[in-house]
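*Asks:* This is a predicted model, with the sequence first.
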Amino acid sequence: MAFQFEPGVVVETFPMLLRGLKLTVVITIGGLFFGFILGSVAGLMKISRSLFLRKLAGIYIETIRGTPMLVQAMFLYYGVPMASGVRIPPIVAGIIVIAVNSGAYIAEIVRGAIQSIDPGQMEAGRSIGLTRSQTMRYIIWPQAFRRMIPPLGNQFIISLKDTSLLMVIGVGELLRTGQEIVAVNFRAFEVYMAVGIVYLVMTLGIAKALRALEQHLRVLPEK
Amino acid sequence: MIRIENLHKSFGSLEVIKGIDLHVRPGEVVCIIGPSGSGKSTVLRCINRLEQPTSGRIVVDGKDITDPKTNMNLVRAEATMVFQQFNLFPHMTVLHNVTLGPVKVRGLSKAEAEKRGMELLAKVGLAEKAHNYPDQLSGGQKQRVAIARALALQPKVILFDEPTSALDPELVGEVLEVMKQLAREGMTMVVVTHEMGFAKEVADRVIFIDGGRIQEEGPPEEFFSNPKNPRLRDFLGKVIAH
Ligand SMILES: Nc1ncnc2c1ncn2[C@@H]1O[C@H](COP(=O)(O)OP(=O)(O)OP(=O)(O)O)[C@@H](O)[C@H]1O
Ligand SMILES: [Mg+2]
(Lines give C-alpha, C1' and ligand atoms only; values in the text may rest on other atoms or scores of the structure.)
(Ligands and ions follow the chains in the order given, each with its own letter.)
Protein backbone atom coordinates (compact mmCIF):
# COMPACT_ATOMS: atom_id res chain seq x y z
CA MET A 1 0.00 0.00 0.00
CA ALA A 2 1.49 3.32 -1.07
CA PHE A 3 1.96 6.02 1.55
CA GLN A 4 -0.57 8.80 1.41
CA PHE A 5 -0.09 12.07 3.18
CA GLU A 6 -3.22 12.98 5.12
CA PRO A 7 -3.00 16.45 6.61
CA GLY A 8 -6.58 16.16 7.82
CA VAL A 9 -5.36 13.84 10.57
CA VAL A 10 -3.50 16.69 12.15
CA VAL A 11 -6.58 18.88 12.18
CA GLU A 12 -8.58 16.13 13.85
CA THR A 13 -6.07 15.42 16.56
CA PHE A 14 -4.95 18.95 17.16
CA PRO A 15 -7.15 19.58 20.24
CA MET A 16 -5.53 16.58 21.92
CA LEU A 17 -2.06 17.80 21.01
CA LEU A 18 -2.91 21.15 22.51
CA ARG A 19 -3.65 19.50 25.87
CA GLY A 20 -0.20 17.92 25.76
CA LEU A 21 1.28 21.24 24.76
CA LYS A 22 -0.29 22.87 27.80
CA LEU A 23 1.52 20.44 30.06
CA THR A 24 4.78 21.00 28.20
CA VAL A 25 4.45 24.73 28.74
CA VAL A 26 3.54 24.37 32.42
CA ILE A 27 6.52 22.09 33.11
CA THR A 28 8.91 24.25 31.12
CA ILE A 29 7.89 27.46 32.87
CA GLY A 30 7.71 25.88 36.33
CA GLY A 31 10.98 24.03 35.85
CA LEU A 32 12.82 27.08 34.57
CA PHE A 33 11.42 29.31 37.29
CA PHE A 34 12.84 27.08 40.01
CA GLY A 35 15.84 26.29 37.84
CA PHE A 36 16.71 29.96 37.66
CA ILE A 37 16.51 30.33 41.43
CA LEU A 38 18.52 27.17 41.98
CA GLY A 39 21.04 28.17 39.32
CA SER A 40 21.47 31.66 40.74
CA VAL A 41 22.08 30.30 44.22
CA ALA A 42 24.50 27.66 42.96
CA GLY A 43 26.24 30.19 40.70
CA LEU A 44 26.73 32.60 43.61
CA MET A 45 27.95 29.72 45.80
CA LYS A 46 30.47 28.85 43.11
CA ILE A 47 32.14 32.25 43.54
CA SER A 48 31.63 32.63 47.28
CA ARG A 49 34.56 32.98 49.64
CA SER A 50 33.60 29.79 51.45
CA LEU A 51 35.43 26.74 50.16
CA PHE A 52 32.63 24.55 51.48
CA LEU A 53 29.96 26.37 49.46
CA ARG A 54 32.14 26.35 46.36
CA LYS A 55 32.68 22.59 46.66
CA LEU A 56 29.00 21.92 47.34
CA ALA A 57 27.93 23.88 44.26
CA GLY A 58 30.67 22.17 42.26
CA ILE A 59 29.44 18.71 43.18
CA TYR A 60 25.88 19.60 42.20
CA ILE A 61 26.88 21.12 38.88
CA GLU A 62 29.28 18.34 37.90
CA THR A 63 26.87 15.56 38.87
CA ILE A 64 23.98 16.97 36.89
CA ARG A 65 26.02 17.95 33.87
CA GLY A 66 27.80 14.62 33.87
CA THR A 67 24.69 12.40 33.78
CA PRO A 68 21.92 12.13 31.17
CA MET A 69 18.68 13.84 32.01
CA LEU A 70 16.86 10.65 31.17
CA VAL A 71 18.73 8.90 33.96
CA GLN A 72 17.99 11.76 36.36
CA ALA A 73 14.28 11.57 35.55
CA MET A 74 14.04 7.81 35.95
CA PHE A 75 16.07 7.86 39.13
CA LEU A 76 13.83 10.53 40.65
CA TYR A 77 10.55 9.03 39.53
CA TYR A 78 11.18 5.30 39.90
CA GLY A 79 14.25 5.14 42.12
CA VAL A 80 13.72 7.69 44.86
CA PRO A 81 10.20 6.51 45.87
CA MET A 82 11.63 3.04 46.53
CA ALA A 83 13.93 4.56 49.12
CA SER A 84 11.60 7.23 50.48
CA GLY A 85 8.32 5.36 50.19
CA VAL A 86 6.62 8.46 48.77
CA ARG A 87 5.40 8.55 45.18
CA ILE A 88 5.56 11.91 43.42
CA PRO A 89 3.03 12.81 40.73
CA PRO A 90 4.65 12.77 37.28
CA ILE A 91 4.12 16.49 36.70
CA VAL A 92 5.84 17.40 39.94
CA ALA A 93 8.67 15.01 39.16
CA GLY A 94 8.90 16.60 35.72
CA ILE A 95 9.18 20.11 37.12
CA ILE A 96 11.80 18.99 39.63
CA VAL A 97 13.87 17.29 36.94
CA ILE A 98 13.78 20.32 34.66
CA ALA A 99 14.58 22.64 37.58
CA VAL A 100 17.48 20.59 38.92
CA ASN A 101 18.83 19.94 35.46
CA SER A 102 18.59 23.47 34.07
CA GLY A 103 19.80 24.86 37.42
CA ALA A 104 23.18 23.22 36.92
CA TYR A 105 23.64 24.87 33.54
CA ILE A 106 22.18 28.18 34.68
CA ALA A 107 24.65 28.18 37.60
CA GLU A 108 27.51 28.24 35.12
CA ILE A 109 25.78 30.99 33.14
CA VAL A 110 25.36 33.06 36.31
CA ARG A 111 28.93 32.47 37.45
CA GLY A 112 30.35 33.35 34.05
CA ALA A 113 28.29 36.52 33.75
CA ILE A 114 29.26 37.75 37.20
CA GLN A 115 32.92 37.01 36.63
CA SER A 116 32.80 38.87 33.33
CA ILE A 117 32.00 42.13 35.12
CA ASP A 118 35.05 44.37 35.55
CA PRO A 119 36.49 43.84 39.06
CA GLY A 120 36.75 47.63 39.23
CA GLN A 121 32.98 47.66 39.72
CA MET A 122 33.25 45.67 42.95
CA GLU A 123 36.08 47.93 44.10
CA ALA A 124 34.11 51.06 43.32
CA GLY A 125 31.10 49.70 45.19
CA ARG A 126 33.23 48.83 48.20
CA SER A 127 34.94 52.22 48.01
CA ILE A 128 31.69 54.09 48.49
CA GLY A 129 31.05 52.04 51.62
CA LEU A 130 28.70 49.37 50.27
CA THR A 131 29.06 45.90 51.72
CA ARG A 132 29.99 43.00 49.49
CA SER A 133 26.40 41.83 49.25
CA GLN A 134 25.05 45.34 48.61
CA THR A 135 27.59 45.76 45.82
CA MET A 136 26.52 42.41 44.40
CA ARG A 137 22.89 43.38 44.53
CA TYR A 138 22.99 46.96 43.24
CA ILE A 139 26.09 46.98 41.04
CA ILE A 140 27.20 43.57 39.86
CA TRP A 141 23.97 41.60 39.48
CA PRO A 142 22.07 44.10 37.31
CA GLN A 143 25.00 44.31 34.91
CA ALA A 144 25.59 40.57 34.94
CA PHE A 145 21.92 39.87 34.36
CA ARG A 146 22.01 41.63 31.02
CA ARG A 147 24.87 39.43 29.93
CA MET A 148 22.97 36.33 31.02
CA ILE A 149 20.07 36.91 28.66
CA PRO A 150 21.45 35.28 25.50
CA PRO A 151 22.78 32.12 27.21
CA LEU A 152 19.66 31.92 29.38
CA GLY A 153 17.52 32.05 26.27
CA ASN A 154 19.55 29.20 24.88
CA GLN A 155 18.98 27.21 28.05
CA PHE A 156 15.24 27.95 27.89
CA ILE A 157 15.11 26.42 24.44
CA ILE A 158 17.10 23.36 25.53
CA SER A 159 14.88 22.82 28.57
CA LEU A 160 11.73 23.16 26.50
CA LYS A 161 12.95 20.44 24.17
CA ASP A 162 14.14 18.33 27.12
CA THR A 163 10.61 18.13 28.51
CA SER A 164 9.92 15.64 25.72
CA LEU A 165 12.17 13.17 27.56
CA LEU A 166 9.71 13.23 30.45
CA MET A 167 7.40 10.96 28.48
CA VAL A 168 9.40 8.05 29.92
CA ILE A 169 8.05 8.82 33.38
CA GLY A 170 4.50 9.08 32.13
CA VAL A 171 4.12 12.83 31.91
CA GLY A 172 1.44 13.43 29.32
CA GLU A 173 3.29 16.22 27.61
CA LEU A 174 3.33 17.02 23.92
CA LEU A 175 5.42 14.14 22.60
CA ARG A 176 3.71 11.52 24.73
CA THR A 177 0.34 12.82 23.61
CA GLY A 178 1.52 12.46 20.05
CA GLN A 179 2.65 8.92 20.74
CA GLU A 180 -0.73 8.06 22.23
CA ILE A 181 -2.49 9.42 19.17
CA VAL A 182 -0.25 7.40 16.87
CA ALA A 183 -1.01 4.25 18.88
CA VAL A 184 -4.63 4.70 17.86
CA ASN A 185 -4.52 6.03 14.31
CA PHE A 186 -1.06 4.83 13.11
CA ARG A 187 -0.42 8.16 11.37
CA ALA A 188 3.13 8.52 12.67
CA PHE A 189 4.27 10.70 9.80
CA GLU A 190 1.63 13.39 10.17
CA VAL A 191 1.41 13.36 13.96
CA TYR A 192 5.12 13.49 14.69
CA MET A 193 5.57 16.12 12.05
CA ALA A 194 2.88 18.20 13.75
CA VAL A 195 4.56 17.65 17.11
CA GLY A 196 7.88 18.76 15.66
CA ILE A 197 6.33 21.86 14.14
CA VAL A 198 4.78 22.83 17.47
CA TYR A 199 8.20 22.59 19.18
CA LEU A 200 9.75 24.58 16.37
CA VAL A 201 7.17 27.34 16.60
CA MET A 202 7.80 27.63 20.34
CA THR A 203 11.59 27.65 20.12
CA LEU A 204 11.55 30.21 17.32
CA GLY A 205 9.14 32.27 19.39
CA ILE A 206 11.45 32.23 22.41
CA ALA A 207 14.44 33.16 20.28
CA LYS A 208 12.53 36.06 18.79
CA ALA A 209 11.28 37.31 22.15
CA LEU A 210 14.83 37.24 23.50
CA ARG A 211 16.18 39.22 20.58
CA ALA A 212 13.50 41.82 21.25
CA LEU A 213 14.41 41.91 24.94
CA GLU A 214 18.09 42.30 24.14
CA GLN A 215 17.31 45.07 21.70
CA HIS A 216 15.24 46.77 24.36
CA LEU A 217 18.02 46.55 26.94
CA ARG A 218 20.59 47.77 24.47
CA VAL A 219 18.94 51.15 24.72
CA LEU A 220 20.52 51.18 28.15
CA PRO A 221 24.29 51.27 28.05
CA GLU A 222 26.59 48.29 28.24
CA LYS A 223 30.18 48.43 29.34
CA MET B 1 43.77 62.11 59.63
CA ILE B 2 45.72 59.16 58.27
CA ARG B 3 48.60 57.63 60.16
CA ILE B 4 50.48 54.76 58.58
CA GLU B 5 53.07 52.99 60.71
CA ASN B 6 55.55 50.52 59.33
CA LEU B 7 53.30 49.24 56.56
CA HIS B 8 54.34 46.05 54.83
CA LYS B 9 52.49 44.33 52.03
CA SER B 10 53.41 41.20 50.14
CA PHE B 11 51.65 39.45 47.28
CA GLY B 12 52.67 35.87 47.85
CA SER B 13 56.43 35.93 48.06
CA LEU B 14 56.69 39.33 46.36
CA GLU B 15 57.21 42.06 48.92
CA VAL B 16 55.78 45.22 47.41
CA ILE B 17 55.69 47.61 50.38
CA LYS B 18 58.70 47.34 52.62
CA GLY B 19 57.97 49.52 55.60
CA ILE B 20 56.22 52.83 54.98
CA ASP B 21 55.41 55.49 57.57
CA LEU B 22 53.17 58.33 56.55
CA HIS B 23 51.15 60.88 58.42
CA VAL B 24 48.54 62.97 56.62
CA ARG B 25 47.09 65.92 58.52
CA PRO B 26 43.53 67.21 58.06
CA GLY B 27 43.28 69.51 55.07
CA GLU B 28 46.60 68.42 53.71
CA VAL B 29 47.18 67.48 50.06
CA VAL B 30 49.83 64.82 49.70
CA CYS B 31 51.01 63.80 46.25
CA ILE B 32 52.72 60.46 45.74
CA ILE B 33 54.98 60.01 42.76
CA GLY B 34 57.23 57.18 41.71
CA PRO B 35 58.01 54.77 38.89
CA SER B 36 55.57 52.16 37.67
CA GLY B 37 55.33 49.15 39.93
CA SER B 38 56.88 50.94 42.89
CA GLY B 39 53.83 50.29 45.09
CA LYS B 40 51.95 53.62 44.95
CA SER B 41 48.56 52.11 44.26
CA THR B 42 49.14 49.42 46.83
CA VAL B 43 49.65 52.02 49.56
CA LEU B 44 46.38 53.75 48.66
CA ARG B 45 44.54 50.46 48.44
CA CYS B 46 45.79 49.49 51.89
CA ILE B 47 44.44 52.74 53.30
CA ASN B 48 40.87 51.80 52.41
CA ARG B 49 41.58 48.10 52.75
CA LEU B 50 40.93 47.09 49.18
CA GLU B 51 44.17 45.29 49.99
CA GLN B 52 44.84 43.68 53.32
CA PRO B 53 48.13 44.95 54.77
CA THR B 54 50.58 42.17 55.63
CA SER B 55 51.74 44.00 58.73
CA GLY B 56 51.84 47.46 60.22
CA ARG B 57 49.18 49.78 61.50
CA ILE B 58 46.92 52.21 59.63
CA VAL B 59 44.72 54.64 61.53
CA VAL B 60 42.13 56.57 59.52
CA ASP B 61 40.22 59.29 61.31
CA GLY B 62 41.03 57.75 64.69
CA LYS B 63 39.95 54.24 63.67
CA ASP B 64 42.53 51.50 63.47
CA ILE B 65 41.59 49.85 60.18
CA THR B 66 44.02 47.01 60.73
CA ASP B 67 41.90 46.02 63.73
CA PRO B 68 39.53 43.25 62.58
CA LYS B 69 36.73 44.72 64.75
CA THR B 70 36.60 47.98 62.77
CA ASN B 71 33.57 48.37 60.49
CA MET B 72 35.43 48.63 57.21
CA ASN B 73 32.41 49.71 55.21
CA LEU B 74 32.14 52.94 57.14
CA VAL B 75 35.88 53.52 56.96
CA ARG B 76 35.74 53.09 53.20
CA ALA B 77 33.10 55.78 52.98
CA GLU B 78 35.33 58.08 55.05
CA ALA B 79 38.40 57.37 52.93
CA THR B 80 36.84 56.88 49.53
CA MET B 81 38.71 56.40 46.31
CA VAL B 82 38.77 57.87 42.82
CA PHE B 83 40.13 55.43 40.26
CA GLN B 84 42.21 55.79 37.15
CA GLN B 85 39.51 53.95 35.14
CA PHE B 86 36.67 55.95 36.80
CA ASN B 87 34.69 52.79 37.55
CA LEU B 88 31.35 54.53 37.25
CA PHE B 89 28.33 52.23 37.41
CA PRO B 90 27.35 51.99 33.73
CA HIS B 91 23.79 50.81 34.32
CA MET B 92 22.89 53.84 36.43
CA THR B 93 22.38 57.45 35.49
CA VAL B 94 24.99 59.97 36.52
CA LEU B 95 22.79 61.22 39.33
CA HIS B 96 22.08 57.70 40.55
CA ASN B 97 25.84 57.03 40.62
CA VAL B 98 26.19 59.98 42.95
CA THR B 99 23.23 59.21 45.23
CA LEU B 100 23.72 55.47 45.72
CA GLY B 101 26.31 55.77 48.49
CA PRO B 102 24.52 58.50 50.45
CA VAL B 103 21.25 56.54 50.37
CA LYS B 104 22.60 53.05 51.09
CA VAL B 105 25.54 53.90 53.33
CA ARG B 106 24.71 57.24 54.92
CA GLY B 107 20.98 56.60 55.19
CA LEU B 108 19.86 59.78 53.45
CA SER B 109 16.41 59.91 51.91
CA LYS B 110 16.32 59.74 48.15
CA ALA B 111 15.11 63.34 47.91
CA GLU B 112 17.87 64.67 50.15
CA ALA B 113 20.49 62.64 48.32
CA GLU B 114 19.28 63.89 44.95
CA LYS B 115 19.25 67.48 46.08
CA ARG B 116 22.81 67.22 47.31
CA GLY B 117 23.77 65.14 44.28
CA MET B 118 22.58 67.89 41.96
CA GLU B 119 24.56 70.47 43.92
CA LEU B 120 27.68 68.37 43.62
CA LEU B 121 27.15 67.78 39.92
CA ALA B 122 26.75 71.51 39.48
CA LYS B 123 29.97 71.98 41.39
CA VAL B 124 31.88 69.74 38.96
CA GLY B 125 30.08 71.44 36.07
CA LEU B 126 27.88 68.52 35.04
CA ALA B 127 24.40 69.35 36.31
CA GLU B 128 22.98 69.07 32.81
CA LYS B 129 24.29 65.50 32.49
CA ALA B 130 22.51 64.26 35.64
CA HIS B 131 20.12 62.02 33.72
CA ASN B 132 22.58 60.73 31.18
CA TYR B 133 24.36 57.40 31.42
CA PRO B 134 28.12 57.25 31.92
CA ASP B 135 28.86 55.98 28.41
CA GLN B 136 27.41 59.19 27.03
CA LEU B 137 30.18 61.20 28.74
CA SER B 138 33.76 61.98 27.81
CA GLY B 139 36.57 60.64 29.98
CA GLY B 140 37.04 63.97 31.71
CA GLN B 141 33.34 64.20 32.45
CA LYS B 142 33.31 60.64 33.78
CA GLN B 143 36.13 61.43 36.16
CA ARG B 144 34.35 64.56 37.37
CA VAL B 145 31.27 62.43 38.07
CA ALA B 146 33.48 60.01 39.98
CA ILE B 147 34.73 62.91 42.06
CA ALA B 148 31.16 64.05 42.73
CA ARG B 149 30.32 60.48 43.72
CA ALA B 150 33.17 60.53 46.20
CA LEU B 151 32.22 63.95 47.58
CA ALA B 152 28.61 62.86 48.05
CA LEU B 153 29.74 60.60 50.88
CA GLN B 154 31.16 63.60 52.73
CA PRO B 155 34.40 61.70 53.27
CA LYS B 156 37.18 62.75 55.59
CA VAL B 157 39.75 62.10 52.89
CA ILE B 158 39.71 61.23 49.20
CA LEU B 159 42.30 58.88 47.75
CA PHE B 160 43.06 59.53 44.08
CA ASP B 161 44.87 56.83 42.11
CA GLU B 162 46.23 58.44 38.94
CA PRO B 163 42.94 60.20 38.24
CA THR B 164 44.10 61.70 34.95
CA SER B 165 46.26 58.92 33.52
CA ALA B 166 43.47 57.39 31.43
CA LEU B 167 42.45 60.73 29.92
CA ASP B 168 43.22 62.28 26.57
CA PRO B 169 45.65 65.15 27.19
CA GLU B 170 43.09 67.84 26.39
CA LEU B 171 40.75 66.48 29.10
CA VAL B 172 43.30 66.42 31.93
CA GLY B 173 42.91 70.09 32.75
CA GLU B 174 39.20 70.03 33.59
CA VAL B 175 39.73 67.24 36.13
CA LEU B 176 42.76 68.90 37.71
CA GLU B 177 40.74 72.14 38.01
CA VAL B 178 38.10 70.35 40.07
CA MET B 179 40.79 68.81 42.26
CA LYS B 180 42.45 72.16 42.79
CA GLN B 181 39.17 73.61 43.90
CA LEU B 182 38.74 70.79 46.42
CA ALA B 183 42.22 71.43 47.73
CA ARG B 184 41.44 75.13 48.18
CA GLU B 185 38.30 74.20 50.09
CA GLY B 186 40.37 72.22 52.54
CA MET B 187 39.63 68.64 51.49
CA THR B 188 42.22 66.18 52.68
CA MET B 189 43.60 64.40 49.64
CA VAL B 190 46.18 61.75 48.87
CA VAL B 191 46.93 61.82 45.17
CA VAL B 192 49.03 59.36 43.22
CA THR B 193 49.89 61.23 40.06
CA HIS B 194 52.26 61.69 37.18
CA GLU B 195 51.18 65.33 36.83
CA MET B 196 54.23 67.10 38.21
CA GLY B 197 52.70 70.50 37.49
CA PHE B 198 49.72 69.65 39.68
CA ALA B 199 51.97 68.34 42.45
CA LYS B 200 54.08 71.51 42.35
CA GLU B 201 51.10 73.79 42.44
CA VAL B 202 48.71 72.06 44.81
CA ALA B 203 50.57 69.64 47.06
CA ASP B 204 51.51 70.55 50.60
CA ARG B 205 53.90 67.65 50.52
CA VAL B 206 55.27 65.39 47.82
CA ILE B 207 56.38 61.84 48.45
CA PHE B 208 58.61 59.78 46.22
CA ILE B 209 58.15 56.03 46.50
CA ASP B 210 60.50 53.60 44.86
CA GLY B 211 61.10 49.94 45.61
CA GLY B 212 58.33 49.87 48.21
CA ARG B 213 59.88 52.56 50.39
CA ILE B 214 59.55 56.31 50.74
CA GLN B 215 62.79 57.60 49.28
CA GLU B 216 62.20 61.29 49.74
CA GLU B 217 59.51 63.63 50.94
CA GLY B 218 59.10 67.35 51.39
CA PRO B 219 57.28 70.48 50.35
CA PRO B 220 57.11 70.75 46.57
CA GLU B 221 59.42 73.77 46.13
CA GLU B 222 62.32 72.00 47.76
CA PHE B 223 61.36 68.57 46.50
CA PHE B 224 61.42 69.54 42.83
CA SER B 225 64.12 72.21 42.82
CA ASN B 226 66.61 70.39 44.96
CA PRO B 227 66.05 66.63 44.94
CA LYS B 228 68.60 64.83 47.08
CA ASN B 229 67.89 61.19 46.41
CA PRO B 230 69.67 60.07 43.21
CA ARG B 231 66.76 57.83 42.22
CA LEU B 232 64.40 60.80 42.49
CA ARG B 233 66.75 62.93 40.38
CA ASP B 234 66.82 60.18 37.83
CA PHE B 235 63.02 59.82 37.91
CA LEU B 236 62.38 63.56 37.61
CA GLY B 237 64.87 63.76 34.77
CA LYS B 238 62.95 61.09 32.85
CA VAL B 239 59.52 62.58 33.56
CA ILE B 240 60.54 66.08 32.55
CA ALA B 241 62.38 64.88 29.46
CA HIS B 242 59.10 63.27 28.45
N1 LIG C 1 46.88 41.79 43.36
C2 LIG C 1 48.20 41.67 43.10
N3 LIG C 1 48.77 40.46 43.04
C4 LIG C 1 50.10 40.33 42.79
N5 LIG C 1 50.93 41.35 42.58
C6 LIG C 1 50.43 42.59 42.63
C7 LIG C 1 49.04 42.81 42.88
N8 LIG C 1 48.83 44.15 42.87
C9 LIG C 1 50.01 44.72 42.61
N10 LIG C 1 50.98 43.79 42.47
C11 LIG C 1 52.40 44.06 42.23
O12 LIG C 1 52.84 44.96 43.19
C13 LIG C 1 53.75 45.88 42.65
C14 LIG C 1 53.31 47.28 42.96
O15 LIG C 1 52.09 47.51 42.31
P16 LIG C 1 51.35 48.91 42.36
O17 LIG C 1 50.12 48.76 41.54
O18 LIG C 1 51.18 49.33 43.77
O19 LIG C 1 52.38 49.85 41.63
P20 LIG C 1 52.21 51.37 41.20
O21 LIG C 1 53.30 52.11 41.83
O22 LIG C 1 50.83 51.82 41.47
O23 LIG C 1 52.46 51.29 39.64
P24 LIG C 1 51.74 52.06 38.43
O25 LIG C 1 52.40 53.40 38.32
O26 LIG C 1 52.06 51.19 37.25
O27 LIG C 1 50.29 52.13 38.73
C28 LIG C 1 53.85 45.57 41.17
O29 LIG C 1 55.02 44.80 40.97
C30 LIG C 1 52.63 44.76 40.90
O31 LIG C 1 52.88 43.83 39.88
MG1 LIG D 1 49.15 52.32 40.27
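*Replies:* Received it, and whenever you're ready, just let me know what you need. Ligands and ions are numbered 1, 2, ... in the order given.
*Asks:* got the contact list for B:Asp61?
*Replies:* B:Asp61 sits next to B:Met1, B:Ile2, B:Val75, B:Glu78, B:Ala79, B:Lys156, B:Val157 when contact means C-beta atoms under 8 Å, 6 or more residues apart in numbering or on different chains. All C-beta spots, glycine's among them, are computed from the backbone N, C-alpha and C.
*Asks:* For A:Val71, state which of those is nearest.
*Replies:* Lowest distance from A:Val71 to those (C-beta to C-beta) belongs to B:Val75, with 52.5 Å.
*Asks:* backbone phi and psi for the closest one, please?
*Replies:* phi -60, psi -40 (degrees, to the nearest 10).
*Asks:* Give the helix, strand or coil label for the spatially most central residue of chain B.
*Replies:* Geometric centre of chain B, nearest residue: B:Phe160, 1.6 Å, by C-alpha atoms, centre = their mean. Of the three states, B:Phe160 takes strand under DSSP: H, G, I helix; E, B strand; the rest coil.
*Asks:* Of the contacts of B:Asp61 - the most surrounded one?
*Replies:* Among the contacts of B:Asp61, B:Ala79 has the most neighbours (other C-beta atoms under 10 Å in any protein chain shown), with 27 neighbours.
*Asks:* Okay, and the beta partners of that one?
*Replies:* B:Val157 (DSSP bridges).
*Asks:* ok, so what distance separates it from A:Ala83?
*Replies:* 57 Å (C-beta to C-beta, to the nearest Å).
*Asks:* Repeat that for B:Pro68.
*Replies:* In this view, B:Pro68 and A:Ala83 are 46 Å apart by C-beta to C-beta.
*Asks:* One more: B:Arg45?
*Replies:* In terms of C-beta to C-beta, B:Arg45 sits 53 Å off from A:Ala83.
*Asks:* just B:Ala122 next, same as before
*Replies:* Between B:Ala122 and A:Ala83 the computed distance is 68 Å (C-beta to C-beta).
*Asks:* of those two, who's got more company?
*Replies:* B:Ala122 (13 against 7).
*Asks:* Then that one would be within a strand, right?
*Replies:* No - counting by three-state DSSP, B:Ala122 falls outside a strand, being helix.
*Asks:* per-residue pLDDT, it?
*Replies:* The per-residue pLDDT reported for B:Ala122 equals 97.
*Asks:* what's the answer for the one 10 residues further on, then?
*Replies:* You'll see B:Asn132 listed with a pLDDT of 96.
*Asks:* helix, strand or coil for it?
*Replies:* coil.
*Asks:* My guess is it contacts B:His96. True?
*Replies:* No - between B:Asn132 and B:His96 there is no contact under C-beta atoms under 8 Å: 10.8 Å.
*Asks:* Pick out the residue nearest the middle of chain A.
*Replies:* Geometric middle of chain A (C-alpha atoms, centre = their mean) lands on A:Ser159, at 3.7 Å.
*Asks:* Figure out the helix or strand that that one lives in.
*Replies:* Per DSSP states H and E, A:Ser159 falls inside helix A:141-162.
*Asks:* in the helix or strand just after that helix, what counts as buried?
*Replies:* Later in the chain than helix A:141-162, the nearest helix or strand by DSSP H and E is helix A:174-185. Within helix A:174-185, the residues scored as buried using 16 or more other C-beta atoms under 10 Å in any protein chain shown are A:Leu174, A:Leu175, A:Arg176, A:Thr177, A:Gly178, A:Gln179, A:Ile181, A:Val182.
*Asks:* starting at the chain centroid, how far to helix A:174-185?
*Replies:* 24 Å (C-alpha atoms, centre = their mean, to the nearest Å).
*Asks:* can you check stretch A:112-131 too?
*Replies:* Using C-alpha atoms, centre = their mean, the offset of stretch A:112-131 from its chain centre is 29 Å.
*Asks:* Could you do stretch A:136-152 as well?
*Replies:* That offset, for stretch A:136-152, works out to 18 Å (C-alpha atoms, centre = their mean).
*Asks:* Identify the residues contacting that stretch?
*Replies:* Applying C-beta under 8 Å, 6+ apart, the contact partners of stretch A:136-152 are A:36, A:44, A:106, A:109-110, A:112-114, A:116-117, A:121-122, A:124-125, A:130, A:210, A:213-214, A:217, A:220, A:222-223, B:89-91, B:100, B:104.
*Asks:* Go through the residues you listed and flag which are in helices.
*Replies:* Mapping those onto helices (DSSP state H) picks out A:36, A:44, A:106, A:109-110, A:112-114, A:121-122, A:124-125, A:210, A:213-214, A:217, B:100, B:104.
*Asks:* Could you pick out the buried ones from those?
*Replies:* Buried among these by 16+ other C-beta under 10 Å: A:36, A:44, A:106, A:109-110, A:112-114, A:121-122, A:124-125, A:210, B:100, B:104.
*Asks:* okay, and the helix or strand of chain B with the least pLDDT?
*Replies:* Across the helices and strands of chain B, mean pLDDT, DSSP states H and E gives its lowest value to helix B:230-241, namely a mean of 84.
*Asks:* SS state for A:Thr135?
*Replies:* Recorded secondary structure, A:Thr135: helix (three-state DSSP).
*Asks:* For it, list the residues it contacts.
*Replies:* Going by C-beta under 8 Å, 6+ apart, A:Thr135 touches A:Gln121, A:Met122, A:Gly125, A:Arg126.
*Asks:* Next: A:Phe5.
*Replies:* A:Phe189, A:Glu190.
*Asks:* Show me what residue of chain A gets nearest to chain B.
*Replies:* Nearest to chain B in chain A, going by C-beta to the nearest C-beta, is A:Gly129, at a distance of 3.1 Å.
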